[in-house]
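1. A predicted structure for the sequence below; I have some questions about it.
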Amino acid sequence: MLIVTTMDLPGYKVDAVLGEVMGMTVRSANVGANFIAGFKAIAGGEISEYTKLVYDSRNQVMQRMWEQCVERGGNAIIGMRFDTGDIGQAFSEVCAYGTAVVVHPIGTTQEGGTPQSIAEATGMR
């Protein structure tokens, strides 16, 4: 799974651009997490219940985005970004989006290869 925030992928040649892919979820924290978070907010510091919720949301939307990429025939995503927003006071929307592409690794016989792409091109990875 190659997902990068850059607009190119060093060591790889882009063969085809398949278009935008995205994953989205809308979440709310459960009542127990909100209750505990309320007490933690008084004392200050990290609110781990919400941190876990955000990590889980981001992992889920990245997986959904990757599934769209594979469905279109892609093997990498470039220009990946996250976007978040609130829906009312109780819900958060998390979206991951990027451009699905087909890439192939540049090996030792071509200029621009990287240790990662050379290993993949020669089957050493």
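-> Yep, it's here.

2. low-confidence ranges, the chain, go.
-> 29-45, 125 (pLDDT under 70).

3. can you point me to the longest helix in it?
-> In terms of residue count, the longest helix belonging to the chain (DSSP state H) is helix 48-71.

4. which strands and helices sit next to that one?
-> In terms of contacts (3 or more Cβ pairs under 8 Å, 6 or more residues apart in numbering; DSSP states H and E), helix 48-71 is packed against strand 2-3, strand 12-27, helix 31-43, strand 76-87, strand 91-105. Where C-beta positions appear, they are placed from N, C-alpha and C, glycine not excepted.

5. can you tell me the strand partners of the fourth one and which way each runs?
-> What it means is strand 76-87. Applying DSSP bridges to the sheet, strand 76-87 is found paired with strand 2-3 (parallel), strand 91-105 (antiparallel).

6. circling back: could you dump the helices and strands packed on helix 48-71 into JSON lines with distance to Cys69 and mean neighbour count added?
-> Converted to JSON lines, the helices and strands packed on helix 48-71 look like this (distance: least, Cβ to Cβ, whole Å; neighbours: other Cβ atoms under 10 Å):
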{"stretch": "strand 2-3", "distance to Cys69": "8", "mean neighbour count": "16"}
{"stretch": "strand 12-27", "distance to Cys69": "5", "mean neighbour count": "16"}
{"stretch": "helix 31-43", "distance to Cys69": "32", "mean neighbour count": "11"}
{"stretch": "strand 76-87", "distance to Cys69": "5", "mean neighbour count": "15"}
{"stretch": "strand 91-105", "distance to Cys69": "4", "mean neighbour count": "19"}
